[in-house]
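Undergrad: just a sequence and a predicted model for now, questions to come.
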Amino acid sequence: MKQSRWKNKMNLTMLTDFYELTMANGYFQHGLADKIAYFDMFFRKVPDNGGFAIMAGVEQLIEYLQNLKFDEEDIAYLRTKKIFNEAFLEYLKNFSFTCDVWAIPEGTPIFPNEPIITVKGPIIQAQFIETMMLLTINHQSLIATKANRIVRAAQGRPVMEFGSRRAQGYNGATFGARAAYIGGCVGTACTIADRDFNIPALGTMAHSWVQLFPSELEAFRAYARTYPENCTLLVDTYNVLKSGVPNAIRIFEEELAPRGFRPKAIRIDSGDITYLSKEARRMLNEAGFSDCKILASNSLDEYIIRDILIQGAQVDLFGVGERLITSKSEPVFGGVYKLAAVEEDGQLIPKIKLSENVGKITNPCFKQVYRLFNRSNDKAIADVITLADETIDDGNSYVIFDPEHTWKRKRISNFYAKKLLVKIFEDGKCIYNSPDLDEIREYSRQQIDKLWVEVLRFENPHNYYVDLSKPLWDIKDALLQEYASK
């Protein structure tokens with residue numbers, strides 16, 4: 001198994017919202033530092049109004065939790081704020097992460113309102129990690145989800161992630177490349193992502209290469225002589241059809257064919273991709289280079305790719321940059337982190353957040369998520385959020401129901417149930433081996449194949465069911481009734 005070379009070289013403990021520290025100080029002052037709390041991370045809406053999202057970033061979350069400690073510089077800084085007493089600072093100096101953590105594995109399709117991470121542990125610790133958890137999972141899940149939409153729009157044609165220079169900072173570039181690979185991209189232009197994550201680094205030339213030489217023909221000739229086995233020429237610096245493609249063909253004939261090499265591709269980075277690719281394909285075929293691929297780039301996304309393919313564009317590969325690496329159409333993955341329960345005298349006390357906005361009412365208790373699959377076709381039927389100690393008996397029929405419109409019920413049979421939340425930390429120690437990135441990518445592809453095609457639509461996808469078990473719904477309903485009567 002190939003392992004990632006990336007390691008967290010910075011102490012990121014202080015990458016946190018300041019109120020995490022002020023609350024921690026308050027918990028400490030009131031004798032609550034060791035009170036056991038349960039938190040869930042979940043999200044409320046799929047980006048781009050899609051049918052599903054993809055879980056990503058767990059490996060980096062693990063790295064963060066394994067390196068969670070306050071150094072002397074951190075303590076000295078906090079002392080300057082003059083609001084933290086010395087006993088609390090001493091507590092932080094000796095801080096050791098001891099929580100249990102469960103997470104849905106990377107690459108898994110995920111849906112709104114279900115726990116994708118659950119943390120159990122002392123309230124200060126469980127609360128403190130909120131910022132970095134959300135930052136890590138929100139970002140990579142967003143980019144993996146966007147990448148997968150683009151990959152599916154390409155209908156089997158390879159998609160390369162070309163977005164480093166437009167990413168939101170260097171971590172946005174490196175971890176964005178990682179997430180895009182999970183989402184199905186075949187490689188990246190980001191060299192460090194190849195070095196650290198074993199993601200194939202891909203790339204050819206910029207327009208500056210062509211401009212640097214006295215002529216386009218000489219630029220192509222120099223490149224072909226340098227890289228005869230991997231010759232891809234950028235043909236839109238001056239004029240795609242009048243000079244770019246004719247000059248590329250001439251170089252293929254004069255420099256590659258006589259030496260026994262075949263061209264890899266031409267790249268079109270501007271103009272009407274549909275028209276230009278059709279004409280370029282015709283010219284290449286007539287010259288005997290039907291095996292030469294056509295690569296398209298230039299501010300592409302899933303909608304443009306879908307439309308140009310419908311129009312008959314002769315594109316074999318896509319390079320997608322800014323609209324992928326920033327998820328430009330919807331650049332926020334709205335994951336949140338909410339208290340679900342606490343322990344008092346050995347008893348679990350459920351907690352709920354209410355709102356006049358029904359979608360913001362949380363699900364209480366310590367929970368598990370089951371995915372139910374049809375045994376006949378292996379398609380996912382629904383997810384069911386249960387109490388943590390519940391078991392769904394897939395040897396018998398089971399009733400699922402809409403937790404907001406409870407009269408909507410369905411009895412299912414001939415199914416199997418799979419637990420989604422996997423324990424990754426126990427008493428602060430990592431007990432989970434992160435899979436190789438290629439394994440995560442393939443696992444994600446397999447799991448998406450288990451979704452109905454109606455869930456995969458870009459517009460108005462089928463609403464995948466995320467239901468509550470009857471015991472969990474009863475507890476939630478009782479809490480709602482209790483607070484309504486106050």
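TA: Perfect, I can see it now.
Undergrad: so where is the stretch 51-200 of the chain shaky, pLDDT-wise?
TA: Scanning the stretch 51-200 of the chain for pLDDT under 70 picks out no residues.
Undergrad: surely Tyr465 meets Ile400?
TA: Yes: counting by CB atoms under 8 Å, Ile400 is a contact partner of Tyr465 at 6.4 Å. (Each C-beta comes from the backbone N, C-alpha and C, glycine too.)
Undergrad: which one's more surrounded, these two?
TA: Ile400 (22 against 18; other CB atoms under 10 Å).
Undergrad: what about the more buried one, which SS state?
TA: strand (DSSP: H, G, I helix; E, B strand; the rest coil).
Undergrad: can you pull the pLDDT of it?
TA: For Ile400, the pLDDT comes out at 96.
Undergrad: over to the one 3 residues further on?
TA: On the pLDDT scale, Pro403 is placed at 88.
Undergrad: same question for Trp6.
TA: Reported pLDDT for Trp6: 55.
Undergrad: need the residues touching each of Tyr465 and Ile400.
TA: Ile381, Ala382 (CB atoms under 8 Å, 6 or more residues apart in numbering).
Undergrad: next, the contact list for the residue nearest to Leu202 when sequence neighbours are not counted, please.
TA: Among residues not flanking Leu202 along the chain, Gly187 sits closest, at 4.2 Å (CB to CB, 6 or more residues apart in numbering). With contacts defined as CB under 8 Å, 6+ apart, Gly187 is in contact with Met160, Glu161, Tyr181, Asp194, Ile199, Pro200, Ala201, Leu202.
Undergrad: my read is that the fourth one contacts Thr188, right?
TA: Yes: applying CB under 8 Å, one finds Asp194 in contact with Thr188, separated by 7.0 Å.
Undergrad: which one's more surrounded, those two?
TA: For Asp194 and Thr188, the more surrounded residue by other CB under 10 Å is Thr188, and the numbers stand at 28 against 16.
Undergrad: wait, that one sits on Gly203?
TA: No: contact criterion CB under 8 Å: Thr188 and Gly203 do not qualify, at 9.0 Å.
Undergrad: how's this structure carved up into domains?
TA: 18-143+331-484, 146-325 (automatic domain parsing).
Undergrad: against Gly288, how distant is the residue lying farthest from the centre of the chain?
TA: Here the centre of the chain is the reference, and by CA atoms, centre = their mean the most remote residue is Pro258, at 45.7 Å. Note on Pro258: its distance to Gly288, by CB to CB, to the nearest Å, is 13 Å.
Undergrad: check Val384 too.
TA: The value you get for Val384 to Gly288, if CB to CB is used, is 59 Å.
Undergrad: one more: Thr108?
TA: Taken as CB to CB, the span from Thr108 to Gly288 is 47 Å.
Undergrad: same deal with Ala280?
TA: Distance from Ala280 to Gly288, by CB to CB: 14 Å.
Undergrad: the two - which one has more neighbours?
TA: Ala280 (25 against 12).
Undergrad: SS state for that one?
TA: helix.
Undergrad: quick one: contacts for it?
TA: Per CB under 8 Å, 6+ apart, neighbours of Ala280: Val235, Val240, Leu241, Val245, Ile266, Ile268, Ile294, Gln314.
Undergrad: give me the number of residues near Glu330?
TA: Here the count is done by other CB under 10 Å, and Glu330 has 16 residues near it.
Undergrad: nearest spatial neighbour of Lys353, skipping sequence neighbours?
TA: Using CB to CB, 6+ apart, the nearest residue to Lys353 is Thr362, at 4.4 Å.
Undergrad: actually Ala37, sorry about that
TA: Per CB to CB, 6+ apart, closest to Ala37 is Ile123, 4.3 Å.
Undergrad: for Pro115, same thing?
TA: Per CB to CB, 6+ apart, closest to Pro115 is Asp40, 4.1 Å.
Undergrad: pull the helix or strand that contains that neighbour out as PDB, backbone CA atoms only.
TA: Under the criterion of DSSP states H and E, Asp40 resides in strand 36-43. What follows is strand 36-43, C-alpha atoms only, in PDB (Å, rounded to 0.1, in the frame of the first residue of the first chain):
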ATOM      1  CA  ILE A  36     -18.500  13.900  28.700                       C
ATOM      2  CA  ALA A  37     -20.200  15.400  25.700                       C
ATOM      3  CA  TYR A  38     -21.200  14.100  22.300                       C
ATOM      4  CA  PHE A  39     -21.000  16.200  19.200                       C
ATOM      5  CA  ASP A  40     -22.000  15.500  15.600                       C
ATOM      6  CA  MET A  41     -20.700  17.100  12.400                       C
ATOM      7  CA  PHE A  42     -23.300  17.100   9.600                       C
ATOM      8  CA  PHE A  43     -24.300  19.400   6.700                       C
END
